[in-house]
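Enquirer: give the three-dimensional model of this entry:
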Amino acid sequence: MDVNNIIKAIIMKKSIFFILLLSSALFQSCKPELKEIGPEFAAGEGIYGSWIVSDLSQVDLTVPLPESQNIFSYFSSNESNKMIIRFDRENNAYSIIQPGMMPRILGTSGTWAYNEMPYPTAINFYTSKGDTLSANLGNMPRETDNQFKFKLNRTDSCGTNYLRYDYTFSRVQ
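Expert: Numbering: from 1, shown residues only. As a prediction, this is how the structure comes out:
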């Protein structure tokens, strides 16, 4: 190799290095500006109000691979067949406004509480008959959400879960 080719190779390597350095500096300077996306919602504040069942599945937990069956079609033929539940701010009370033809697990009224704040994973129902039921949250309803989900297990006398209801509620406008 002659000296001219060596000098050209060195200049080429430096040019490529400079171009890569310059392009990475440009990409670093193109970070988007972070803006506030709106007011912060308090956890659990969106649950208040009335909710109507919009989907219901039943899951058999006794088989090795749990099987799910959507049973909502049995109740959706008539609006009066759908359960409507109302969550009130006062005393964290709930009431079943319209029981419909749904499984009557929650009784007619009672109180409720999240299992832990500020990031609950379950909602506990304390029925007027003295029963305590714990339902795993599918989502935490925010004030802007129109859907709310929870999963409620049924247990036998030995405390073994044998059936789960997967409820989906839509906000009543």
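
Enquirer: C-alpha from now on. contacts and neighbour counts both.
Expert: Will do.

Enquirer: wait, residue 108 sits on residue 100?
Expert: No. The pair residue 108 and residue 100 fails to qualify as a contact (CA atoms under 8 Å) at a distance of 11.4 Å.

Enquirer: helix, strand, or coil at the nearest residue to residue 156 once chain neighbours are set aside?
Expert: Counting by CA to CA, 6 or more residues apart in numbering, the nearest residue to residue 156 once its immediate chain neighbours are dropped is residue 162, at 6.9 Å. Secondary structure state of residue 162, per DSSP: H, G, I helix; E, B strand; the rest coil, is strand.

Enquirer: please renumber so the chain begins at 17
Expert: Renumbered: residue one is now 17, and that last one reads residue 178.

Enquirer: how close does residue 178 get to residue 170?
Expert: Separation of residue 178 from residue 170 (CA to CA, to the nearest Å) stands at 6 Å.

Enquirer: what's the answer for residue 56, then?
Expert: Residue 56 is 36 Å from residue 170, where distance means CA to CA.

Enquirer: between the two, which one's more packed in?
Expert: With other CA atoms under 10 Å as the criterion, residue 56 and residue 170 differ in neighbour count, and residue 170 comes out ahead with 15 against 7.

Enquirer: beta partners for the more buried one?
Expert: Judged by DSSP bridges, the bridge partners of residue 170 are residue 179.
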